[in-house]
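[1] Return a 3D structure for these sequence lines:
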Amino acid sequence: MYKKYLIVTMVSSLFIGQLVHATCGSCHRDKKNVKSAFIEEVPENGKINGKTLASCGMCNFDTDDKSCGLAVKIGHHIYSVENVNIDDHIDSHAKDGFCNVVRVVNVKGKVKNNKLYADKFSVK
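    From the prediction side, this is the model:
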């Protein structure tokens with residue numbers, strides 16, 4: 001009986017030890033150079049190209065807009081999208097539309113005066 005208890009305890013300890021070691025951060029990767037897949041800030045020239053979050057500014061990003069309008073979130077800032085209509089890709093009030101969900105988009109364009117002027121805007 002004692003041997004059975006000892007074996008179960010040892011196997012359990014080894015299993016738990018492997019779980020703890022696997023999540024301890026002991027990987028040999030350079031964490032300082034890890035880059036986000038999303039655009040985190042707008043550079044001085046205002047030109048952006050990459051992934052960001054998009055949704056209805058009023059419905060999901062809590063902007064002061066008085067009607068539904070497409071907006072993107074870059075870092076902690078919300079920018080209204082000027083030349084892409086909120087209904088261009090899908091009905092904004094559909095179950096999976098911009099007024100009901102926040103979606104990942106690929107965008108290329110320029111941010112000027114707190115507005116995004118998109119040259120390319122595609123929904124993921």
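[2] Break this structure into its domains for me.
    The chain breaks down into these domains under automatic domain parsing: 2-31, 47-123.
[3] Which stretches in this protein count as helices?
    For the chain, the helices defined by DSSP state H occupy 2-22, 57-60.
[4] tell me the most buried of the domains of the chain?
    Of all these, domain 47-123 has the most neighbours on average by mean count of other CB atoms under 10 Å, namely a mean of 16. Placement of C-beta: from N, CA and C, glycine included.
[5] quick one: low-confidence parts of this structure?
    The chain contains residues with pLDDT under 70 at 1-2, 6, 8, 11-15, 17-35.
[6] 90 instead, please
    1-37, 65, 89-90, 124 (pLDDT under 90).
[7] Next, the contact list for the residue nearest to Tyr79 when sequence neighbours are not counted, please.
    The shortest distance from Tyr79 to any non-neighbouring residue, by CB to CB, 6 or more residues apart in numbering, is to Leu116 (4.5 Å). When contacts are counted by CB atoms under 8 Å, 6 or more residues apart in numbering, Leu116 touches 48, 72, 79-82, 107, 109-110.
[8] Next one: Val104 from Lys73, what distance?
    Using CB to CB, to the nearest Å, Val104 is found at 11 Å from Lys73.
[9] Would you check how far apart Ile7 and Asn83 are?
    Where Asn83 is concerned, Ile7 sits at a distance of 68 Å (CB to CB).
[10] got it, and Leu70?
    10 Å.
[11] Figure out which of the domains of the chain is closest to Glu41.
    Comparing the domains of the chain against Glu41 with CB to CB, the closest turns out to be domain 47-123 (4.9 Å).
[12] Strands along this protein, start to end?
    Taking DSSP state E, the strands of the chain run over residues 47-56, 70-74, 77-81, 103-112, 115-123.
[13] Turn the ones you listed into JSON lines, columns for distance to Ile39.
    Formatted as JSON lines, the strands of the chain follow (distance: least, CB to CB, whole Å):
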{"stretch": "strand 47-56", "distance to Ile39": "5"}
{"stretch": "strand 70-74", "distance to Ile39": "5"}
{"stretch": "strand 77-81", "distance to Ile39": "11"}
{"stretch": "strand 103-112", "distance to Ile39": "8"}
{"stretch": "strand 115-123", "distance to Ile39": "11"}
